[in-house]
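Chemist: Fold the following and give me the result.
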Amino acid sequence: MERSEEDEFRAFVGVRMERWRRAAYLMCHDWHMADDLVGTVVAKLYERWRRVAATDNPDAYAQRVLTTAWIDERRRPWRREQPADVLPDPAWTPPDRTGDREELVRMLARLGRRQRAVVVLRFYFDRSVEETAELLGISAGTVKSQSARALEMLRTLACASGSPQ
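Modeler: Numbering: from 1, shown residues only. This next block holds a predicted model:
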């Protein structure tokens with residue numbers, strides 16, 4: 001598809017997308033399925049855009065594609081996910097980590113205030129060194145050194161308590 005055709009296609013779809021979505025919802029009463037139906041419409045229109053753009057009424061064509069997609073979906077219920085009354089047993093059960101959290105809180109309490117703040121900001125809130133430094137009003141170098149010392153202390157405490165690293 002040439003650039004001007006693609007621009008024309010994008011403009012056509014962009015103006016009508018939300019209307020198609022609402023129409024699909026009115027047919028199926030499910031927003032997720034409505035989104036899938038609209039995706040089908042957009043894909044089919046894209047494949048045939050040259051022919052569709054040349055027709056007298058591309059809107060009617062798009063509506064027909066949407067309606068046909070919905071009817072086809074209804075004819076093929078095996079393609080949709082079917083809810084189960086009973087969920088299967090999971091193959092793996094995650095271990096209870098409550099004790100780990102309590103141990104971590106105890107170990108964090110053993111750190112100094114600044115080290116604790118640095119660790120929480122850097123590793124819990126996923127802040128960068130620079131963001132942490134700015135939030136705490138300290139230099140980036142101080143954040144790095146406090147992080148290194150705090151992590152070393154936490155490793156030592158974890159080894160001493162028998163917790164996995």
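
Chemist: so where's this structure uncertain?
Modeler: Low-confidence segments of the chain (pLDDT under 70): 77-82, 94, 96-98, 162-165.

Chemist: mind checking the longest helix of it?
Modeler: helix 3-28 (DSSP state H).

Chemist: That one: what's the following helix or strand?
Modeler: helix 31-47 (DSSP states H and E).

Chemist: Quick one: residues in contact with that next one.
Modeler: 1, 9, 12-13, 17, 20-22, 24-25, 27-28, 52, 61-62, 65-66, 69-70, 73, 80 (CB atoms under 8 Å, 6 or more residues apart in numbering). Where C-beta positions appear, they are placed from N, C-alpha and C, glycine not excepted.

Chemist: Quick one: buried ones out of the residues you listed?
Modeler: 9, 12-13, 20-21, 24-25, 27-28, 52, 61-62, 65-66, 69-70, 73 (16 or more other CB atoms under 10 Å).

Chemist: Tell me the residue in the chain that is farthest from the middle.
Modeler: Using CA atoms, centre = their mean, the residue of the chain lying farthest from its centre is residue 56. It sits 40.2 Å away.

Chemist: how about that one, secondary structure?
Modeler: Assigned by DSSP: H, G, I helix; E, B strand; the rest coil, the conformation of residue 56 is coil.

Chemist: So residue 39 versus residue 24, what's the distance?
Modeler: 10 Å (CB to CB, to the nearest Å).

Chemist: cool, and residue 126?
Modeler: For residue 126, the distance to residue 24 (CB to CB) stands at 38 Å.

Chemist: what do you get for residue 121?
Modeler: Taken as CB to CB, the span from residue 121 to residue 24 is 45 Å.

Chemist: Repeat that for residue 53.
Modeler: Residue 53 is 22 Å from residue 24, by CB to CB.

Chemist: again with residue 84
Modeler: 26 Å.

Chemist: got it, and residue 3?
Modeler: The value you get for residue 3 to residue 24, if CB to CB is used, is 29 Å.

Chemist: for residue 92, phi and psi?
Modeler: phi -140, psi 130 (degrees, to the nearest 10).

Chemist: Likewise for residue 110?
Modeler: Backbone phi and psi, for residue 110 under degrees, to the nearest 10, turn out to be phi -80, psi -10.

Chemist: So it is in contact with residue 153, correct?
Modeler: Yes: between residue 110 and residue 153 there is a contact under CB atoms under 8 Å: 7.1 Å.
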